[in-house]
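*Asks:* how does the following fold in three dimensions:
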Amino acid sequence: MEGIRIIKHVDLSKEDFNNPICILGMPGIADVGKFALDSLIGQLDAENFMDIIFDDYPAGAIVDDSILSAPKAEILYWKDPNKLRDIILITADAQSLTPKGIYKISNFLTKIIMQCGIKLIVALGAYPISSRMLNSKIPKIFASSTDRELLEKYLIKNKCEKIQKGVIIGANGLIPTLAKARFNVDGLVFLAETDNIAMVNEDITDLKASITLLEMLKKSFTLPIKKKYSLENIESITKNLQIKRDQLEKDLETLQIIDTDDKRKSLYI
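*Replies:* Sure thing, here's the model as predicted:
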């Protein structure tokens, strides 16, 4: 597909997977779905399947430990040692910049999902609500699905609430919808409630909401997720992250743009 480049790490086909499902967590509000997915990748020690570079991702290079890389979508896999179900995990460094781009990459990813023989997609994200309505202890999880019977099954299993109306913006909602329309692959979307201030403040990361989604996944799909993160210790983790963020902002304030007669130097992050 034009504008998309695939970097394969291994050659796998649907015959290599046992009863696979796909778990999806793209960047979004408070990065709830992405943090949950990234944590799951680490917990499962998932292996790289392929990277996807797309010309509608933000135009900039990512620097990590002094190494440059292009923004990309990542597809990883985990082989279940108990042979219950293998998992394909999909995330990305960013959402596409345009609605057309979101449709294009979502269509492409649904084709990969179909080729892997996946019959169920589970997408993770955030459900913004007013701070005065937030449950301070355990965030609620709201659910929607491409199939009503499937939705009812997981509502009962996880004590979720239905998403009655609304729009799930971005690939987290679009991929399950397109997969159902194009290939009859069923999808579930689970959104953990978060403060709606995160819709206008990109610096907010809601770890509590992400951990709630992880615990729901562990229960629903019998995944070997350890108690590395839990709702009991999340407050201290959040506090430490805020300290690091404050220090970073302080460091950035010390940087000054240098003007000379013939050259202006600036820092791009």
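*Asks:* residues in contact with Tyr103?
*Replies:* Leu174 (Cβ atoms under 8 Å, 6 or more residues apart in numbering). (C-beta placed from N, C-alpha, C; glycine too.)
*Asks:* what about Arg5, which SS state?
*Replies:* In terms of secondary structure, Arg5 is strand; the call rests on DSSP: H, G, I helix; E, B strand; the rest coil.
*Asks:* could you do Leu84 as well?
*Replies:* Here Leu84 is recorded as coil under three-state DSSP.
*Asks:* distance of the residue nearest to it when sequence neighbours are not counted from Asn196?
*Replies:* Leaving aside its chain neighbours, Leu84 sits nearest to Thr222 (6.6 Å; criterion: Cβ to Cβ, 6 or more residues apart in numbering). For Thr222, the distance to Asn196 (Cβ to Cβ, to the nearest Å) stands at 33 Å.
*Asks:* one step back: and the residue nearest to Leu84, how many neighbours?
*Replies:* Neighbours of Thr222 under the rule other Cβ atoms under 10 Å: 12.
*Asks:* one more: Asp45?
*Replies:* Residues within reach of Asp45, counting by other Cβ under 10 Å, total 9.
*Asks:* run through who's touching stretch 24-37.
*Replies:* Identification of contacts with stretch 24-37 by Cβ under 8 Å, 6+ apart yields 23, 38, 40, 89-95, 121-126, 128, 169-172, 175-176, 191-192, 194-195, 198-199, 204-207, 209-211, 213-214, 217.
*Asks:* just the buried residues from those, in PyMOL please.
*Replies:* Only the buried entries of the contacts of stretch 24-37 go into this PyMOL selection, using 16 or more other Cβ atoms under 10 Å:
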select buried, resi 23+38+40+89+90+91+92+93+94+95+121+122+123+124+125+126+128+170+171+172+175+176+191+192+194+195+198+204+205+206+207+209+210+211+213+214+217
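*Asks:* from Lys208, how far off is Phe221?
*Replies:* Computed with Cβ to Cβ, the distance linking Phe221 and Lys208 is 21 Å.
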